[in-house]
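Participant: My questions concern the predicted model and sequence given below.
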Amino acid sequence: YNIKCKNPTNYCFDDLGIENTTSMHYGTEENVINKILYGRYELFQEGIVTHATTNLDPKQLLNKYGDRIYSRIKEMFNYIVLEGNDRRK
């Protein structure tokens, strides 16, 4: 899961949770976003920030990504609920 790079930077995932759960990699089914989030967690340990937006609630995130990644999501992100009317026009 090591994603070390020369110049790691802050990053934002828009609409986390809408991606396909798995992809094929040389015939092996893999959850790509789990690997990316795990790598971003390693960068978080070094002070590199990751942002995300999602329409999923915490329980849906747990069901989608599993205990291991969800525990890292809880540590990496502040969960801010925006209530009210849809702000998209």
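Facilitator: Perfect, I can see it now.
Participant: Could you report the neighbour count for Thr50?
Facilitator: 19 (other C-beta atoms under 10 Å). For glycine as for every other residue, the C-beta is placed from the backbone atoms N, C-alpha and C.
Participant: How much space separates it from Arg68?
Facilitator: Shown here: Thr50 relative to Arg68, a distance of 16 Å by C-beta to C-beta, to the nearest Å.
Participant: what's the longest helix in the protein?
Facilitator: helix 58-76 (DSSP state H).
Participant: By mean pLDDT, point me to the weakest helix or strand of the chain.
Facilitator: Using mean pLDDT, DSSP states H and E, the weakest-scoring helix or strand in the chain turns out to be strand 23-25, at a mean of 73.
Participant: name the helices or strands packed onto that strand?
Facilitator: On a contact count with 3 or more C-beta pairs under 8 Å, 6 or more residues apart in numbering; DSSP states H and E, strand 23-25 meets strand 28-30.
Participant: Residues contacting the strand it packs on, please?
Facilitator: Thr22, Ser23, Met24 (C-beta atoms under 8 Å, 6 or more residues apart in numbering).
Participant: from the chain's centre, how far out does the helix or strand just after that strand sit?
Facilitator: Sequence order places helix 32-44 as the next helix or strand after strand 28-30, per DSSP states H and E. Distance, stretch centre to chain centre, for helix 32-44: 7 Å (C-alpha atoms, centre = their mean, to the nearest Å).
Participant: Which positions within helix 32-44 qualify as buried?
Facilitator: For helix 32-44, a neighbour-count test (16 or more other C-beta atoms under 10 Å) marks Ile33, Asn34, Ile36, Leu37, Tyr38, Gly39, Arg40, Tyr41, Leu43, Phe44 as buried.
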